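[1] Prediction below, plus the sequence it came from.
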Amino acid sequence: MPELKVKGVTIIETFAEAFPMVATRVVITAPTLEWALISARTMTGFATSVIACGAEAGIERTLSRKETPDGRPGVAVLLFTMDAGKIQTQLRNRVGQCVLTSPGSACYAGLEGEKKLKLGASLRFFGDGWQVSKVIGGRRYWRIPVMGGEFVCEDTTGLTKKAVGGGNLLVLGKSHAAVLAACSRAVKAMSEMPDVITPFPGGIVRSGSKVGSQYKGQIASTNDAYCPSLKGAVKSDLPLDIEAVLEIVIDGLSADAISDAMYAGIHAIARGGAREGVTHITAGNYGGNLGPHHFHLKEIVG
Amino acid sequence: MSALTFELKHTPDQRLDLSPLVPARLNGLSRKEIEALTINTTRTKLTVGDAFKIKGKDAERLHFVGTDDRCDKIGAALAGGEIAIDGDAGMLLGTKMKRGKIAVTGSASVLAGASMSGGEISVRRNVGDQAGGVAVGETMGMKGGFISIGALLGERLRRGIIVVGGKAGDYAGARMIAGTLVLKHGAGRCAGYGNRRGSLIFLEKPRNILPTYSDCGVMEFDYLRLLDKWLREQGLRIRFGARARRLMGDMAVLGKGEMLILA
């Protein structure tokens, strides 16, 4: 069978295995885009993986004054968890501690969704009785008096159960610099796509894991088959000339959104061609039995 | 399909109850059946066909032409669709309506939008007293929706937004429970009398303010930005900015209401 190549970069015939998640979107506005971003980054901090962060979150995109309910600059944030109970707590805590506290911020619903999640409906109690509710155009907003003025927060936001978490690409290359540059390009390309986030630092994971370990209580451990320093010692999946492997993990509001982001990512990675030092693009899976969503690289590129 | 049009033939010799002429009632009726509907309010029987010339077919879009202030209850309990009125409307225009749109090119009489819970009423000229007020047999005024007026107004308003383009009369927003009253050119005496949790927004500094309102000073309100943008999206030519003086009141009652006077 002929190898599939994009600009000399080999696309391994495999698939990314992903899982159903629940997700929501909120819109954060502030007096300046810079402060909206500070608030959004704080809210989505420590949210790389549900394994230990409770949620996966990231900035979807920035919003112009025309796109926000109050006409100020804003940021759209996506938040993902494995079930509907957890997302409510995560949303309340993160908006309560990171957005309510951020100077000049306001927080609005960003998703209609099948179900509603409480937003201002729970944060209003911070107002200690001085909060007021206002209905504008059929949507309820809470005005909560705070030291900086008033925190305006929409009553609820939407929840979708159709979200997908764990779409991914693994990038192999002949130098760390080449792989990092290619992955950075891919993250930038994906950041322009709607309905997706890449929750890891700068969108990139350098420590992909396998399930289990030789130690009791360590549920995930280093993916030794992809560690370049162990090529000679373990059953490695890496050719001898690979010096680094980096991964991009994608969470999306739908399977289609992830598929589109993976397409954009693969092409951004391959843009430099094999000459730049990137040799392979592959994807992570668990054999296909754990997650119901399979993103086949061949179909995505084709 | 062209809008179902009712053109008033001549000045009626009694007040008309036009509450049957709403899309929900007219859908599926033939022209003959529509013409046979009774709209009299006295013992003298009067049908739609006696008073109006009917044209058009689309019962989701109604058009009244040449109506006067004796044409009562247009769009009463409206649950969807659009009603355009070329002329004046009588009392109880859009009373208890839930959804849909009513637009009047002339004036509306008393109790426009009384106890309405949703939808939109716009009146190009004036409205009579108690717009957004309490309909007969109800305990609360407007509960939702949007009224824009190009005068007592919003009594016991529960929720919803009323925008007054001219100067409102005395006791605007009296006994408001909640909701919002936007006053472009001020109001008469005792605005916000007995207001519990409602907002009165003054685009111009009002002449007299009840002594039972306490000054909280000037600051910026993101809420005003939100309202401002939404009103402009509804086609209103309005621009607030965000800075306003806030007075809380009416302290003679609950005191959680406010006047926001744009600074």
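    Received, thanks.

[2] Any idea how far apart the tips of stretch B:125-138 sit?
    Stretch B:125-138 has an end-to-end distance of 27 Å (criterion: C-alpha to C-alpha, to the nearest Å).

[3] Are it and chain A in contact anywhere?
    No. Stretch B:125-138 lies out of reach of chain A by C-beta under 8 Å from any C-beta of the partner chain, never closer than 14.1 Å. Heads up, the C-betas are built off the backbone N, CA and C, glycines and all.

[4] Centre of the chain to that stretch, how far?
    On the basis of C-alpha atoms, centre = their mean, to the nearest Å, stretch B:125-138 sits 7 Å off its chain's mean C-alpha point.

[5] show me the residues around the closest residue to chain A within the stretch 51-200 of chain B that make contact.
    Nearest to chain A, among the residues of the stretch 51-200 of chain B, is residue B:159, at 5.6 Å (C-beta to the nearest C-beta). Contacts for residue B:159 were tallied using C-beta atoms under 8 Å, 6 or more residues apart in numbering or on different chains; they are A:135, B:142-144, B:177-179.

[6] Tell me if it really is in a helix.
    No. Secondary structure of residue B:159 (DSSP: H, G, I helix; E, B strand; the rest coil): coil, not part of a helix.

[7] okay, now residue A:232: neighbour count?
    Neighbour count of residue A:232, defined by other C-beta atoms under 10 Å in any protein chain shown: 7.

[8] Over to residue B:46?
    Per other C-beta under 10 Å, the neighbour tally for residue B:46 reads 17.

[9] tell me which residues form a beta bridge with the residue nearest to it when sequence neighbours are not counted?
    Using C-beta to C-beta, 6 or more residues apart in numbering or on different chains and skipping residues adjacent in sequence, the residue nearest residue B:46 is residue B:40, 3.9 Å away. Beta-bridge pairing of residue B:40 under DSSP bridges involves residue B:16.

[10] Need the contact partners of the helix or strand hosting residue A:41.
    Assigned by DSSP states H and E, residue A:41 belongs to helix A:33-43. Contacts with helix A:33-43, where a contact means C-beta under 8 Å, 6+ apart, come from A:28-30, A:57, A:59, A:62, A:72-75, A:77, A:94-95, A:98-99, A:102-105.

[11] what's residue A:125 in contact with, if anything?
    Residue A:125 is in contact with residue A:131, counting by C-beta under 8 Å, 6+ apart.

[12] Pretty sure it sits in a strand.
    No. Judged by three-state DSSP, residue A:125 forms no part of a strand; its state is helix.

[13] Can you point out the buried residues in stretch A:225-243?
    A:226-227, A:231, A:236-238, A:242-243 (16 or more other C-beta atoms under 10 Å in any protein chain shown).

[14] Columns pLDDT and secondary structure on top of those, output as a markdown table?
    Putting the buried residues of stretch A:225-243 into a markdown table (pLDDT from 0 to 100; DSSP: H, G, I helix; E, B strand; the rest coil) gives the following:
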| residue | pLDDT | secondary structure |
| --- | --- | --- |
| A:226 | 96 | helix |
| A:227 | 97 | coil |
| A:231 | 96 | coil |
| A:236 | 95 | coil |
| A:237 | 95 | coil |
| A:238 | 96 | coil |
| A:242 | 96 | coil |
| A:243 | 97 | coil |
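
[15] Just give me the closest of the residues you listed to chain B.
    Nearest to chain B out of these is residue A:226 (C-beta to the nearest C-beta; 48.3 Å).

[16] Now do the residue nearest to the closest one when sequence neighbours are not counted against chain B, distance only.
    Nearest non-adjacent residue to residue A:226, counting by C-beta to C-beta, 6+ apart: residue A:245, 4.8 Å away. Distance from residue A:245 to chain B, counting by C-beta to the nearest C-beta, to the nearest Å: 46 Å.

[17] which ones are touching residue A:245?
    Residue A:245 neighbours (C-beta under 8 Å, 6+ apart): A:170-173, A:179, A:208, A:226-228, A:238.

[18] So in that sheet, which strands flank the helix or strand harbouring it, and in what orientation?
    Residue A:245 belongs to strand A:244-252 when elements are defined using DSSP H and E. Within its sheet, strand A:244-252 is paired with strand A:156-173 (antiparallel), strand A:196-197 (antiparallel), strand A:204-205 (antiparallel), according to DSSP bridges.

[19] quick one, which of those strands is nearest to residue B:226?
    Smallest distance to residue B:226 across those (C-beta to C-beta): 15.5 Å, for strand A:156-173.

[20] ok, back up a step: among the strands paired with strand A:244-252, show me which one is buried the most.
    Highest mean neighbour count among the strands paired with strand A:244-252 (mean count of other C-beta atoms under 10 Å in any protein chain shown): strand A:196-197, with a mean of 29.

[21] What lies in contact with that strand?
    Taking contacts as C-beta under 8 Å, 6+ apart, the residues outside strand A:196-197 that touch it are A:56-60, A:78, A:80, A:190, A:250-253, A:257-258, A:260-261.

[22] Which one of those is nearest to residue B:244?
    The shortest approach to residue B:244 among the contacts of strand A:196-197 belongs to residue A:59, at 32.0 Å (C-beta to C-beta).

[23] by contact count, what packs against the host helix or strand of residue B:34?
    Element membership for residue B:34 (DSSP H and E) is helix B:31-36. Helices and strands touching helix B:31-36, by 3 or more C-beta pairs under 8 Å, 6 or more residues apart in numbering or on different chains; DSSP states H and E, are helix B:48-51, strand B:52-55.

[24] Any idea how far that helix is from the middle of the chain?
    Distance of helix B:31-36 from its chain centroid, counting by C-alpha atoms, centre = their mean, is 29 Å.

[25] Give me the buried positions along it.
    B:34-35.

[26] same check, this time on stretch B:228-237
    For stretch B:228-237, a neighbour-count test (16+ other C-beta under 10 Å) marks B:228-231, B:236 as buried.

[27] do stretch A:279-298 as well
    Within stretch A:279-298, the residues that qualify as buried are A:279-285, A:291, A:293, A:295, A:297, counting by 16+ other C-beta under 10 Å.

[28] again with stretch A:104-114
    Neighbour counts over stretch A:104-114 (16+ other C-beta under 10 Å) mark A:104-111, A:113 as buried.

[29] Keep only these that also lie close to chain B.
    residue A:106.

[30] Nearest to chain B among the buried residues of stretch A:104-114?
    Nearest to chain B among those, counting by C-beta to the nearest C-beta, is residue A:106 at 4.9 Å.

[31] Chain neighbours aside, what residue packs nearest to that closest one?
    residue A:152 (4.2 Å).

[32] Mean confidence (pLDDT) on the strand or helix carrying that neighbour, please.
    For residue A:152, the host element (DSSP H and E) is strand A:149-154. Taken as a whole, strand A:149-154 carries a mean pLDDT of 98.

[33] Within the sheet, what are the partner strands of it, with directions?
    In its sheet, and by DSSP bridges, strand A:149-154 pairs with strand A:106-109 (parallel), strand A:139-146 (antiparallel).
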